[in-house]
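1. okay, here's the prediction I keep looking at, along with the sequence it came from:
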Amino acid sequence: MKLRNASALWAALVLAAPAAAEDRTIVQKDKSFSQPEVVIREGDRIVFSNRDAVSHNLFSRSAGSEFEIKVQLPGQDSPVAFDKAGTVEVRCAIHPEMKLRVVVEPKEAQ
């Protein structure tokens, strides 16, 4: 009987535990992002991976999700956490044609 109760308690705790944040990688190559849009959850991080032969300056001016990676050299990885639900536009100040749309869903949505 004790083993059954312990198993039930363990299962309840696992189900009640919040989902761990995830890292998603977006690669920069040939002065573009590896995809035009990505969907993540609140608290997840995007690791911006510069696999280009040139430097980048990534930023977002989206309200509540502002950030700037000033000079990202070739070969560098730069993680950015997205803690607020909504749509975030990511751009490169050096290469204006680089655009990434990040859709951040609330934790409850998944």
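-> Happy to help now that I have it.

2. I'd guessed Asp30 sits against Val54; true?
-> No - counting by Cβ atoms under 8 Å, Asp30 stays clear of Val54, with 9.7 Å between them. C-beta here means a position set from N, CA and C on the backbone, and glycine is covered the same way.

3. who's more crowded, the two?
-> Val54 (14 against 9; other Cβ atoms under 10 Å).

4. surely the more buried one touches Pro74?
-> Yes - using Cβ under 8 Å, Val54 makes contact with Pro74 at a distance of 6.7 Å.

5. which element is the residue nearest to Glu89 when sequence neighbours are not counted on?
-> Leaving out its chain neighbours, the residue that sits closest to Glu89 by Cβ to Cβ, 6 or more residues apart in numbering is Ser62, at 5.5 Å. Assessed by DSSP states H and E, Ser62 sits outside every helix and strand.

6. just to check, Ser62 is in contact with Arg91?
-> No - judged on Cβ under 8 Å, Ser62 makes no contact with Arg91 at a distance of 10.1 Å.

7. so where do the strands sit in the chain?
-> 23-29, 32-33, 37-41, 45-50, 56-60, 67-72, 77-81, 86-92, 99-105 (DSSP state E).

8. so where is this structure shaky, pLDDT-wise?
-> 1-19, 109-110 (pLDDT under 70).

9. burial of the closest residue to Phe59 other than its chain neighbours, as a residue count?
-> Nearest residue to Phe59, sequence neighbours excluded (Cβ to Cβ, 6+ apart): Glu68, at 4.2 Å. Residues near Glu68, counting by other Cβ under 10 Å, number 11.
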